[in-house]
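**Student:** structure for the following, please:
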Amino acid sequence: MKTILITGGAGFIGSHLCDYFVDQGHQVICVDSFFSGKKQNIQHLLEKKNFQLIKHNVIYPILDKFEKIDEIYHLACPASPMQYQFDPILTLRTSVDGTRNMLDMARKYNAKLLYTSTSEVYGDPLEHPQKESYFGNVDQLGKRSCYDEGKRAAESLCKDYHEQYNVDVRIVRLFNIYGPRMMFNDGRVISNFALQASLGEDITIHGNGEQSRSFMYIDDLLLALDKLMSLDFEAVGMKPVNLGNPDERSIKNLAENIRDVSNSKSEITYLDFDQVPERWGDPQQRCPDITRARRLLDWEPQISFAEGLKRTLVDFQGRLNNKTRIAAFAPTYYPVEGPAELAVKEITDRLLGYEIDLFVAKMKPGLKRKEKIGNVTVRRLGMGNKWDKYLLPILAAHKAKKLNKSQDYQAAWGIMASYGAIAAALFSFKTKRAFLVSLFEGKIEDTDSIRRKFLKPFYRLIFKRAHNLQIVGELSQQQLAWLEDDQTTQGVDFDKGWEYITKKTKEQFQQLEILSSRL
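**Tutor:** Residues are numbered from 1 along each chain as shown. Coordinates of the predicted model:
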């Protein structure tokens, strides 16, 4: 029986690798910081005697002592654009510092180390398909450089540790792996399209859809990694190995496949890259040459794209019954009606991928304590009189904290800078959940009026605690530019409509989920 350490073991690929080796009877040590990994992915393994979980960020050395470690699979690193661009310095450090720490560990325990690099090292390739010998076409200062260059530097570290310390290292470059447990909101194309199709939303393509990718199902990868690690170093050498499926398809074709397999009525829409600047630098073609893997491993992908997609969509649709939960806080909600209540209803009716629990003051006698209104579960607190709003911060924070044990809220949302936002701040403090304050301001006459509001003591107290601030109003370009100076503040032009406002709110929730995992 081997002792196998897997970094990033609670992530999409890592959790499947943990399953694979636990089922074989090996002793598995899963290391994850939960920055992008999910505890739910390995929850079923926690009671296994041959499974150990260590919550740790690999940018720091692991101080635990082990009797032995035979193999290290080093997967730890945010891998989707939304994740790795959220904190580019952490991404780069995970690739460089994290890989150095794992190489030191391999040296200390005389363990084999397999490093999972990426096809991103090829950049926007001028060679097609891409062989391991291709040096790539990359932008060292582009939006994706924290990930691309970090992986390239890590490959160099692996080579240097072998040459200087004779560490047994092998490098694989992964091409678009997919399957069950992919995160809903991580920005990767299959998870984006699968979620949109499952919810009946428009499937959104960036660009004209003619760009191409190749996708490999997770089960094919697990077998390849195991085969590669089992070989002697002399058979592999320091040359990387491409692992992917050369079955290439356009993004437009992918969207159509996902819509058809899921029996969705979603429309396919197109967004110009000017509207999604975070996607600048996306490669136009990506397809592996796997000649080396075929020869070395006597292996090639077996799961067809149609079969893999079917399994993935079944998983997505099953998990939609357990959607991401957000704890929201507001002074009132329907039947009390005002601009904020209308805004929350319009947004939540469109946020089909989330479950919203809204904690409000009861304010009036005769209203139900708990009521489902649209996509919102309203929880009314207090005695049903005008004093309820003053007690809301304490009552709502306490109630939400108590429910959090079963609901596992991923973020908090304060509606307007008032008693609800104070409740969100208290809940965030007690549970270490990131929180957003949304202000629905209507027409804003001048930029100075926003500044003056921010300087009032009551608002400063709330904004100081909030991780992100969203201002929705009839904003001029000058006001939007002023708001964009602060990376934690999002200005949303009300005139662009509720679909756009909902999209921007969803982006905020996605950021909060990432931030909550760090808190």
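**Student:** give me the pLDDT for residue 448.
**Tutor:** Listed pLDDT for residue 448 reads 51.
**Student:** please disregard the earlier target; I meant residue 199.
**Tutor:** Residue-level confidence at residue 199 comes out at 82, pLDDT.
**Student:** if I read this right, it contacts residue 354, doesn't it?
**Tutor:** No: with contact defined as C-beta atoms under 8 Å, residue 199 and residue 354 do not form a contacting pair (10.3 Å). The C-beta positions use only the backbone N, C-alpha and C, and glycine is treated the same way.
**Student:** shared neighbours of those two, anything?
**Tutor:** When C-beta atoms under 8 Å, 6 or more residues apart in numbering defines a contact, no residue borders residue 199 and residue 354 alike.
**Student:** what segments of the stretch 351-500 of the chain are strands?
**Tutor:** Listed in chain order, the strands found in the stretch 351-500 of the chain under DSSP state E, counting those that start in this stretch are 354-361, 370-373, 376-381, 411-415, 435-443, 468-474, 489-493.
**Student:** what's the most buried one of these?
**Tutor:** Comparing the strands of the stretch 351-500 of the chain by mean neighbour count (mean count of other C-beta atoms under 10 Å), strand 411-415 ranks first with a mean of 28.
**Student:** from the contact counts, what lies against it?
**Tutor:** strand 324-329, helix 339-348, helix 419-431, strand 435-443, helix 498-518 (3 or more C-beta pairs under 8 Å, 6 or more residues apart in numbering; DSSP states H and E).
**Student:** can I get these in TSV including mean pLDDT and distance to residue 299?
**Tutor:** TSV is the format used below for these (pLDDT from 0 to 100; distance: least, C-beta to C-beta, whole Å):
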stretch	mean pLDDT	distance to residue 299
strand 324-329	92	36
helix 339-348	89	47
helix 419-431	91	46
strand 435-443	78	46
helix 498-518	80	34
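**Student:** which one of the ones you listed lies closest to residue 120?
**Tutor:** Checking the helices and strands packed on strand 411-415 against residue 120 by C-beta to C-beta gives helix 498-518 as the closest, at 19.3 Å.
**Student:** what angle do strand 354-361 and that closest one make with each other?
**Tutor:** Comparing the axes of helix 498-518 and strand 354-361 via axes from the mean of the first three to the mean of the last three C-alpha atoms, to 10 degrees yields an angle of 90 degrees.
**Student:** and the angle for helix 498-518 with helix 419-431?
**Tutor:** With the same axes, to 10 degrees applied, the angle from helix 498-518 to helix 419-431 works out at 30 degrees.
**Student:** how about helix 498-518: buried residues?
**Tutor:** Along helix 498-518, these residues count as buried under the neighbour rule (16 or more other C-beta atoms under 10 Å): 498, 501-517.
**Student:** pull the residues that contact that helix.
**Tutor:** Counting contacts by C-beta under 8 Å, 6+ apart, the residues touching helix 498-518 from outside are 33-37, 82-83, 86-87, 185, 187, 324, 326, 343, 346-347, 350-351, 353-354, 410-413, 432-436, 438, 467-468, 470, 472, 490, 492-494.
**Student:** dump it to CSV, restricted to CA.
**Tutor:** The C-alpha coordinates for helix 498-518 follow below in CSV (Å, rounded to 0.1, in the frame of the first residue of the first chain):
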residue,chain,number,x,y,z
TRP,A,498,-32.7,44.1,-15.1
GLU,A,499,-30.9,41.4,-17.1
TYR,A,500,-27.7,43.4,-17.0
ILE,A,501,-28.1,44.3,-13.3
THR,A,502,-28.7,40.7,-12.5
LYS,A,503,-25.6,39.6,-14.5
LYS,A,504,-23.5,42.1,-12.5
THR,A,505,-25.0,41.0,-9.2
LYS,A,506,-24.2,37.4,-10.1
GLU,A,507,-20.5,38.4,-10.8
GLN,A,508,-20.5,39.9,-7.3
PHE,A,509,-21.8,36.6,-5.7
GLN,A,510,-19.2,34.6,-7.6
GLN,A,511,-16.4,36.9,-6.2
LEU,A,512,-17.9,36.6,-2.7
GLU,A,513,-17.9,32.8,-2.9
ILE,A,514,-14.2,32.9,-3.7
LEU,A,515,-13.5,35.4,-0.9
SER,A,516,-15.5,33.4,1.7
SER,A,517,-13.3,30.4,1.1
ARG,A,518,-10.3,32.5,1.9
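**Student:** okay, the angle between that helix and strand 411-415?
**Tutor:** 130 degrees.
**Student:** circling back: with distance to residue 314 as added columns, please give the strands of the stretch 351-500 of the chain in a markdown table.
**Tutor:** Conversion of the strands of the stretch 351-500 of the chain to a markdown table gives the following (distance: least, C-beta to C-beta, whole Å):
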| stretch | distance to residue 314 |
| --- | --- |
| strand 354-361 | 21 |
| strand 370-373 | 27 |
| strand 376-381 | 27 |
| strand 411-415 | 27 |
| strand 435-443 | 32 |
| strand 468-474 | 34 |
| strand 489-493 | 35 |
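**Student:** which of those sits closest to residue 339?
**Tutor:** Comparing these by their distance to residue 339 (C-beta to C-beta), the top pick is strand 435-443, with 5.6 Å.
**Student:** in the stretch 251-400 of the chain, where is pLDDT below threshold?
**Tutor:** Across the stretch 251-400 of the chain, residues meeting the criterion (pLDDT under 70) sit at 273-282.
**Student:** which helix or which strand is home to residue 191?
**Tutor:** Taking DSSP states H and E as the criterion, residue 191 maps to helix 189-199.
**Student:** who are the packing partners of that helix?
**Tutor:** Under the contact rule (3+ C-beta pairs under 8 Å, 6+ apart), helix 189-199 is packed against strand 203-206, helix 251-261, helix 305-319.
**Student:** for the helices and strands packed on strand 411-415, which one sits closest to residue 288?
**Tutor:** Using C-beta to C-beta as the measure, helix 498-518 is the one of the helices and strands packed on strand 411-415 that comes nearest residue 288, at 28.8 Å.
**Student:** angle of the closest one against strand 324-329?
**Tutor:** Calculated by the same axes, to 10 degrees, helix 498-518 forms an angle of 100 degrees with strand 324-329.
**Student:** what bridges to the residue nearest to residue 323 when sequence neighbours are not counted?
**Tutor:** Nearest non-adjacent residue to residue 323, counting by C-beta to C-beta, 6 or more residues apart in numbering: residue 355, 4.6 Å away. When bridges are taken as DSSP bridges, the partners of residue 355 come out as residue 325.
**Student:** wait, isn't residue 355 in contact with residue 326?
**Tutor:** Yes: with contacts counted by C-beta under 8 Å, residue 355 reaches residue 326, the gap being 7.2 Å.
**Student:** low-confidence stretches in the stretch 1-150 of the chain?
**Tutor:** Where the stretch 1-150 of the chain is concerned, nothing drops into low confidence, which here means pLDDT under 70.
**Student:** now do the strands in it.
**Tutor:** Secondary structure of the stretch 1-150 of the chain (DSSP E, counting those that start in this stretch): strands at 3-7, 27-32, 51-55, 71-74, 112-118.
**Student:** list the buried residues of the third one.
**Tutor:** Taking 16+ other C-beta under 10 Å as the basis for neighbour counts, the residues of strand 51-55 that come out buried are 51-53.
**Student:** contacts for that strand?
**Tutor:** By C-beta under 8 Å, 6+ apart, the list of residues contacting strand 51-55 from outside reads 9-10, 18, 22, 27-34, 42, 45-46, 62, 64.
**Student:** try 10 Å this time
**Tutor:** Residues external to strand 51-55 that are found in contact with it (C-beta atoms under 10 Å, 6 or more residues apart in numbering): 3, 5, 7, 9-10, 18-19, 21-22, 26-34, 37, 39, 42-46, 62, 64, 66.
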